[in-house]
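Trainee: Quick one, what's the 3D model for this:
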Amino acid sequence: MNRLSPSVVATGIGVLFLLILANFTLFKVDQKQQALLVRLGDPVRTVSTPGLHLKSPFDTVIRFDKRNIEMINAQPEEVTAADQERLVVDAFVRYRITDPRQFYRTLGQESVATDRLDRIVNAALREEIGRSTSEEVIAGKRAQVMAAIRDRVSKQVAASNLGVQIIDVRIKRADLPPTNEQAVFERMQTARKQEAAELRAIGEQKRREIVATAYEEAEKIRGDADAQRARLFAESFGRDPGFAAFYRSMSAYEKSLGQGDTTLVLSPDSAFFKYFEKGPAG
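Mentor: Residues are numbered from 1 along each chain as shown. As a prediction, the model looks like this:
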């Protein structure tokens with residue numbers, strides 16, 4: 001039986017030692033991760049670049065997802081709006097771990113972060129929805145309500161120094177409880193009808209004002225035109241009395257004979273027929 005030479009045994013032991021040493025001193029970080037080295041319970045170093053890295057044999061490696069967005073689905077909550085209507089609200093928050101060391105110190109692990117952020121989000125929901133009516137939350141100003149909730153959550157998280165950044169907070173669902181849903185919708189419909197009636201009344205009032213103003217302006221223009229016409233006639237009549245008499249006779253003919261069914265009984269030498277025989281004097 002062949003016996004291994006001492007050099008082969010030594011080489012094998014050396015390789016085994018190196019493998020054990022590498023296992024305790026090397027660690028790998030994926031592109032989607034960032035790592036925190038913890039030594040005897042204290043965070044000592046953060047690694048965010050992918051690849052192999054060295055560490056102390058006494059260090060524990062904790063890996064966190066460094067992708068832009070994490071998601072927490074907050075549990076549906078029943079919240080009272082400003083009009084005292086109760087709403088069932090389901091929201092979620094997106095966040096990113098920006099400081100693994102601070103995250104580890106304050107929260108420790110992602111399950112704790114989920115619970116902490118869930119409480120912060122629910123408190124913000126109650127505060128902001130309590131300032132808005134149920135109609136605004138369901139339809140009217142939902143985007144503004146979500147923006148206010150996001151700002152409140154971001155400020156609270158920043159003040160708590162949790163090592164995370166809030167990316168977004170959104171309301172997935174905001175519904176009325178089945179027990180009072182129909183009554184609220186009927187009340188909203190009635191309010192909409194009243195609002196439409198008020199708008200129609202305002203429009204009708206505006207229309208009347210516009211028509212009255214237009215009529216007043218038209219009458220003023222007509223009066224100015226009549227005055228101008230009378231002035232021109234007066235000037236013309238003053239310069240030519242014969243034309244004035246002729247014009248008045250023509251106006252009388254038009255008024256008397258213009259209908260076509262008027263019968264006049266006059267003597268042949270009546271002044272009414274003066275201009276049938278001859279034109280105006282002058």
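Trainee: When you work out contacts or count neighbours from here on, use the C-alpha atoms and nothing else.
Mentor: Fine.
Trainee: hmm, who's touching stretch 137-153?
Mentor: Stretch 137-153 has contacts (Cα atoms under 8 Å, 6 or more residues apart in numbering) with 120-121, 124-125, 128-129, 132, 136, 166, 168-171, 174-175.
Trainee: And Ile69, how far from Val211?
Mentor: 61 Å (Cα to Cα, to the nearest Å).
Trainee: Which one's more surrounded, these two?
Mentor: Ile69 (16 against 12; other Cα atoms under 10 Å).
Trainee: who touches Thr106 in this structure?
Mentor: Contacts of Thr106 by Cα under 8 Å, 6+ apart are 161-162.
Trainee: sorry, that was for Val61
Mentor: Val61 neighbours (Cα under 8 Å, 6+ apart): 27, 35-38.
Trainee: give me that answer again for 10 Å
Mentor: By Cα atoms under 10 Å, 6 or more residues apart in numbering, Val61 lies in contact with 27-29, 35-39, 43, 45-47, 55.
Trainee: who wins for most neighbours among those residues?
Mentor: Of all the contacts of Val61, Ala35 has the most neighbours under the rule other Cα under 10 Å, reaching 24 neighbours.
Trainee: so that one, which of the three states?
Mentor: strand (DSSP: H, G, I helix; E, B strand; the rest coil).
Trainee: count of neighbours near the nearest residue to it once chain neighbours are set aside?
Mentor: Sequence neighbours aside, Arg63 is the residue nearest to Ala35 in space, at 4.4 Å (criterion: Cα to Cα, 6 or more residues apart in numbering). Other residues lying near Arg63 total 19 when counted by other Cα under 10 Å.
Trainee: Quick one: low-confidence residue ranges for the stretch 51-200 of the chain.
Mentor: Scanning the stretch 51-200 of the chain for pLDDT under 70 picks out 68, 70, 72-75, 179-185.
Trainee: residue nearest the centroid of this protein?
Mentor: For the chain, Ala143 is the residue whose C-alpha lies nearest the centre (Cα atoms, centre = their mean; 5.6 Å).
Trainee: how close does that one get to Arg187?
Mentor: Distance from Ala143 to Arg187, by Cα to Cα: 23 Å.
Trainee: One more: Ile210?
Mentor: Counting by Cα to Cα, the gap from Ile210 to Arg187 is 35 Å.
Trainee: just Ala113 next, same as before
Mentor: 41 Å.
Trainee: okay, those two: which has more neighbours?
Mentor: Taking other Cα under 10 Å, Ala113 and Arg187 do not tie; Ala113 has more neighbours (18 against 11).
Trainee: Please enumerate the strands of this structure.
Mentor: 26-29, 33-39, 42-47, 51-54, 59-65, 70-73, 77-80, 86-97, 164-175 (DSSP state E).
Trainee: pLDDT of the second one, averaged?
Mentor: On average, the pLDDT along strand 33-39 is 89.
Trainee: what's that strand in contact with?
Mentor: Outside strand 33-39, the residues touching it (Cα under 10 Å, 6+ apart) are 27-29, 43-50, 55-67, 97-101, 104.
Trainee: what is the orientation angle of it with strand 86-97?
Mentor: 70 degrees (axes from the mean of the first three to the mean of the last three Cα atoms, to 10 degrees).
Trainee: Can I get strand 33-39 in CSV, CA atoms only?
Mentor: Output of strand 33-39 as CSV, limited to C-alpha atoms (Å, rounded to 0.1, in the frame of the first residue of the first chain):
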residue,chain,number,x,y,z
GLN,A,33,-27.7,44.0,-2.1
GLN,A,34,-25.8,46.1,0.4
ALA,A,35,-24.1,44.5,3.3
LEU,A,36,-23.5,45.5,6.9
LEU,A,37,-20.7,44.0,9.0
VAL,A,38,-21.6,43.5,12.6
ARG,A,39,-18.9,42.6,15.2
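Trainee: can you give me the angle that strand makes with strand 42-47?
Mentor: Going by the same axes, to 10 degrees, strand 33-39 makes 150 degrees with strand 42-47.
Trainee: Over to the fifth one?
Mentor: Using the same axes, to 10 degrees, the inter-axis angle of strand 59-65 relative to strand 42-47 is 50 degrees.
Trainee: Alright, I will stop here.
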